[in-house]
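# Could you work out the structure for the sequence below:
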Amino acid sequence: MKQDESEQALCISMLGTTAMLFEAPGALDLHAQRRIWTLAREVESWPGVREAVPGVTNLMLTFSTPPADPDSLGAALRDAWAAAGELQIEGRVVDLPVEYGGEFGPHLQDVVNHTGLSIDEVVQLHCAPLYTVYALGSHPGYCYLGGMDPRIATPRRKVPVLGLPGGAVSIGGVQTGVSASTGPSGWNTIGHTSMSFFDPTRDNPATLAPGDMIRFRVERIVP
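Next comes the predicted model:
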């Protein structure tokens, strides 16, 4: 990719004095996300970088001490992005059994109302793709997924749910995800899975990692 193309709409900003956020141009896209993974692999070994945390089409760098020359660091990030290829991660494929609707899928009907589809059609379209874990974030173990069918995209809720349980399968805009623990959410909850996504007693506490893939499987549909 040419330098002028790669820099189009790039945004690099400091988060306080010891963190920097790199935001790539464009919307949710697997090709761009693979380049984010590549960039994270490269910059995590740069002098002074404490951690490189990939997000959805963005990358956060943290530093042990404030960088002496943030402008030069930003320029280096732009150059690295221009040269970044797509990192192909051979992740695991994990099947998630989901109970759609009922007590643990209280917003399934809202998705039906917004899309004009039937309950069965929404569930079928939600289960059809093989979703890629783009990044972990929001709370420990939570996966941001890419690959949802745009026909079931539904705006986030105007009033968030304050105590969404762990295992909740939800839709927010053009994305879907699974809550790893109880907490607030403005997404539309359409179902629930019994799988655990975070255990602090394990060597690797998060069950999934960027590059892994998820396939939702219908356990049952509760009207």
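
# Tell me the helix or strand right after the helix or strand of the chain with the lowest mean pLDDT.
Counting by mean pLDDT, DSSP states H and E, the chain has its least confident helix or strand at helix 3-6, which shows a mean of 45. Once the chain leaves helix 3-6, the next helix or strand it forms, by DSSP states H and E, is strand 11-14.

# right, and the helix or strand after that following strand?
As assigned by DSSP H and E, the chain's next helix or strand after strand 11-14 is strand 19-23.

# Return the set of buried residues in that following strand.
A19, M20, F22, E23 (16 or more other C-beta atoms under 10 Å). Every residue, glycine included, has its C-beta placed from N, CA and C.

# So in terms of bridging, what pairs with the second one?
On the basis of DSSP bridges, M20 takes part in beta bridges with M14, L61.

# could you measure the residue nearest the centre of the chain against V49, distance?
By C-alpha atoms, centre = their mean, the mean C-alpha position of the chain lies nearest to Y144, the distance being 1.8 Å. Relative to V49, Y144 is positioned 22 Å away (C-beta to C-beta, to the nearest Å).

# swap in G105?
For G105, the distance to V49 - C-beta to C-beta - is 42 Å.

# Settle it for me: which of these two has more neighbours?
The neighbour comparison of G105 against V49 (other C-beta atoms under 10 Å) goes to G105, with 24 against 16.

# just checking, that one touches V222?
Yes. Judged on C-beta atoms under 8 Å, G105 makes contact with V222 at a distance of 7.1 Å.

# hmm, back to that, the residue nearest to the centre of the chain and V56 touch, don't they?
Yes. Between Y144 and V56 there is a contact under C-beta under 8 Å: 4.9 Å.

# Spit out the residues that contact the two alike.
Common contacts of Y144 and V56 (C-beta atoms under 8 Å, 6 or more residues apart in numbering): Y134, A135, G137.

# Can you pull the domain assignment for the chain?
Listed by automatic domain parsing, the domain ranges of the chain are 3-83, 93-222.
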